[in-house]
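Novice: just to be clear, the model below is a prediction. Sequence and coordinates:
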Amino acid sequence: MINEINFETYLFVNNKKFIICVIHNISHEIIYSEQALLTDNNRELDFEKLNEFLEKNIFKIEKILNNFIKNINIILDSEEFFSVDLSIKKNNNGNYIDSKALLHPLDDLKNSCQTNFQDKKIVHILIENYLIDNKNYFSLPQKLKCSFFSIDVKFICLSKKFIEDLELVLKKYHIL
């Protein structure tokens, strides 16, 4: 039996193919790998075919591992991704700017995104730029006092329906 902390499971999903791969964490040996090429030219992910692919492979993997797969790292390539770019400017009153100073403005931006795009769920947040006293920074500078700062943030979202459909397929196999 292979201990669950000794392997990682990866699932690549897009509208043209599915790949599942299990890698041993210590030796980096590929324990299992399988792919399915989809012949349809669908622009959307076919959840029924994903279910069939997982049904065919999950049980094989669990038999080889003599262990259950509980977590899968999903690599998702989809046209469903939707990005929102937002910025916020704040008066910092000459104080040091640090990650604590960013928490409230980031929370405001996140709430704004969620309010305006209620059918979407934020899956990733990227801070793309910091403008501190009219000077651009691509990472947060350390020990810097400033009067004003603004941050440019990209929210990467997926539709709630898409996420629900994906979770529904994975739940059938007790996978988070």
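Specialist: Now that the structure is in, tell me what you want to look at.
Novice: number of residues surrounding the nearest residue to residue 93 once chain neighbours are set aside?
Specialist: Spatial nearest neighbour of residue 93, chain neighbours left out: residue 147 (7.1 Å); criterion: C-beta to C-beta, 6 or more residues apart in numbering. Yep, even glycine has a C-beta here, placed from its N, CA and C like the rest. Neighbour count for residue 147, taken as other C-beta atoms under 10 Å: 12.
Novice: all strands of the chain, in order?
Specialist: With DSSP state E, the ranges of strands along the chain come out as 7-13, 17-24, 30-37, 73-76, 82-91, 96-97, 120-132, 135-137, 144-145, 148-159.
Novice: any idea of the mean pLDDT for the longest one?
Specialist: Taken as a whole, strand 120-132 carries a mean pLDDT of 95.
Novice: contacting residues around it?
Specialist: 82, 85, 89, 97, 102, 106, 110, 113-114, 136-141, 144, 146, 148-160, 163 (C-beta atoms under 8 Å, 6 or more residues apart in numbering).
Novice: and those, which are buried?
Specialist: Buried members of these, counted by 16 or more other C-beta atoms under 10 Å: 97, 102, 106, 113, 140, 144, 146, 149, 151-153, 155, 157-158.
Novice: start to end distance for stretch 169-176?
Specialist: Using C-alpha to C-alpha, to the nearest Å, the gap from the first to the last residue of stretch 169-176 comes to 10 Å.
Novice: in that stretch, what counts as buried?
Specialist: Judged by neighbour count using 16+ other C-beta under 10 Å, the buried positions of stretch 169-176 are 169, 170, 173, 175.
Novice: list the contacts of the first one.
Specialist: Neighbour list for residue 169: 47, 50, 51, 54 [criterion: C-beta under 8 Å, 6+ apart].
Novice: of the buried residues of stretch 169-176, which is the nearest to residue 26?
Specialist: Using C-beta to C-beta, residue 175 is the member of the buried residues of stretch 169-176 that lies nearest residue 26, at 22.7 Å.
Novice: disregarding flanking residues, what is the spatial nearest neighbour of the closest one?
Specialist: residue 72 (5.3 Å).
Novice: fine by me, thanks again.
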